[in-house]
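> Any chance you can model this:
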Amino acid sequence: NPNFLLQWFPQIEYGRTYEVSVRVRAILPTYGDFGNSCIIGLQDNVLTTSLEVQYANGFFDFCDIIGARKVALASQYRWTFLNLDDLTTSEVIGLADSRLLNMYRVPNLLLGTTYIVGAFATVAGEESPAGTLRFLNMNNAVPNTGLNSDIYPCGQTYPISTFLQAREVCEAESYTWRFTNTSSAQAPVFYTRDDGSRFVDLDFVTGLMEGDSYDVEVLAAQGGLIGDYSVICNITIGPSENPNLLMTQPTFAAEADVIANENPSPVALREAQISWDVELERISNSNGIYNLTLSSEDHSQMAFVEVFDLNGRRIDIASPVLAVEATEQLNLSNLPHGVYLLRVFNGSHQEIRKITTF
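Below is the predicted model:
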């Protein structure tokens, strides 16, 4: 092939002139001589680029990918999105030298909005001038979500200690769950995760009743809009079991006696029937320092404290031991800001609380 693209020379630069000569290799593994040279010059500026025509005026979701016209030797692409509603501009740098862009990487992108899109390419540290500006539209609806029935089939019974999962919506800002009791008269129960997580711990959903069945629906908020509730998936709430993050914890004697022994000891039965509660109070103006108080009918009760992240990993902290009516201090100030699970437990009871550091 006698044709050769200039971009195949990795050292070539804009604004330079070059003497070009060519030689050929025939059937034998030897080269001929170079022919006469010819001087050529490269333009001073980097070639312009723009949103490819195939994407112009199209309608897109956050999960979609768009592309710019390729510029030879470009080391990166920069994108600008001008919002025609409020004339604000968002900017994003593409990944490495890819001319493709995931829409969810554009900051402050809104659904139902039209943007004027510009693209710029950088070659050898020099960025191209502005190319053709093109229109792009964001869809005006949030994609559907719902309980992920591939993992959590409808019609099943799930312990109240279970984590459920919704189907993912790209860059969702929140997920709202609605539980409608189909076994007894009860107002619908709602739970919202406004941190973008699509998981819900049934323990945290106040009002769910063990043994009852619920129609479960989920909606997502994304790009400034709120979606519709999903199709219904009916599940039954079963009695609590140890969540996965607690499976490796030791079993205490009284607990084992009550669960495994057909004729538990009187002491174990008495401990299993005693109720207790945990009071959690943030110290004013503190960053993750809490006061813990254990309340119980039995003033001989003791409890242990553990902290887990939302992936079930136990956090290494100075864990206090609680006695009834005695207040102990829990210091989480060294942890990254976020949400954690606090477990207070003894041989026959456990309480799990959501705790936040910021």
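> so which helix or strand takes in residue 196?
Using DSSP states H and E, residue 196 falls within no helix or strand.
> Please, where are all the strands along the stretch 201-350 of the chain?
Under the criterion DSSP state E, counting those that start in this stretch, the stretch 201-350 of the chain contains strands at 213-222, 225-226, 233-238, 276-282, 289-296, 302-309, 321-323, 327-331, 338-345, 350-357.
> what's the closest of the ones you listed to residue 24?
Set against residue 24 and scored by Cβ to Cβ, the strands of the stretch 201-350 of the chain come closest in strand 213-222, at 59.0 Å. Where you see a C-beta, it was placed from the backbone N, CA and C, and this is true even at glycine.
> Kindly point out the strands partnered with the closest one and how each is oriented relative to it.
strand 174-181 (antiparallel), strand 225-226 (antiparallel), strand 233-238 (antiparallel) (DSSP bridges).
> next one: the last one to chain centre, how far?
When you say that, I think you mean strand 233-238. Here the centre of strand 233-238 is set off from its chain's centre by 25 Å, with Cα atoms, centre = their mean, to the nearest Å.
> Just give the number of residues close to residue 217.
The tally of other residues near residue 217 (other Cβ atoms under 10 Å) stands at 20.
> which residues touch the closest residue to it other than its chain neighbours?
Excluding its sequence neighbours, the residue lying closest to residue 217 (Cβ to Cβ, 6 or more residues apart in numbering) is residue 229, at 4.1 Å. By Cβ atoms under 8 Å, 6 or more residues apart in numbering, the contact list for residue 229 reads 178, 217-219.
> Could you list the low-pLDDT ranges of the stretch 1-150 of the chain?
For the stretch 1-150 of the chain, no stretch has pLDDT under 70.
> what comes into contact with stretch 323-336?
276, 283, 286-296, 298-302, 305, 307, 315, 317-318, 320-322, 340, 342, 355, 357.
> swap the cut-off to 7 Å and go again
Residues from elsewhere that reach stretch 323-336 (Cβ atoms under 7 Å, 6 or more residues apart in numbering): 287-296, 299, 301-302, 305, 307, 315, 317-318, 320, 322, 357.
> Going through those, which ones are buried?
With burial judged by 16 or more other Cβ atoms under 10 Å, the buried subset of the contacts of stretch 323-336 is 288, 290, 292-294, 296, 301, 305, 307, 320, 322, 357.
> and of those residues, the nearest to residue 55?
residue 357 (42.7 Å).
> Enumerate every residue touching that closest one.
So residue 357 contacts 287-288, 332, 335, 337-338 (Cβ under 7 Å, 6+ apart).
> Leaving out sequence neighbours, find the closest residue to it.
residue 288 (3.7 Å).
> do residue 16 as well
residue 42 (5.5 Å).
> contacting residues for that neighbour?
When contacts are counted by Cβ under 7 Å, 6+ apart, residue 42 touches 12, 14-16.
> Tabulate these (TSV), appending secondary structure, distance to residue 134 and neighbour count.
Below are those laid out as TSV (DSSP: H, G, I helix; E, B strand; the rest coil; distance: Cβ to Cβ, whole Å; neighbours: other Cβ atoms under 10 Å):
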residue	secondary structure	distance to residue 134	neighbour count
12	coil	29	15
14	coil	24	15
15	coil	28	12
16	coil	31	11
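> how about these, which pair is most distant?
Every pair of the contacts of residue 42 checked by Cβ to Cβ; the farthest is 12 and 15, at 10.7 Å.
> For the stretch 201-350 of the chain, which residues score under the pLDDT cut-off?
241-275, 284-286, 298-300, 311-312, 347-348.
> How about stretch 211-226, which residues are buried there?
Quick answer for stretch 211-226 (16+ other Cβ under 10 Å): 213-223, 225.
> and if you look at stretch 103-118?
Buried-residue list, stretch 103-118, by 16+ other Cβ under 10 Å: 103-104, 106, 109-111, 113, 115-118.
> if I look at the residue nearest to residue 217, how far off is residue 315?
36 Å (Cβ to Cβ, to the nearest Å).
> The closest residue to residue 74 other than its chain neighbours sits in which helix or strand?
Take residue 74 and drop its neighbours on the chain: the residue closest to it by Cβ to Cβ, 6+ apart is residue 121, 4.0 Å away. Assigned by DSSP H and E, residue 121 falls within strand 114-123.
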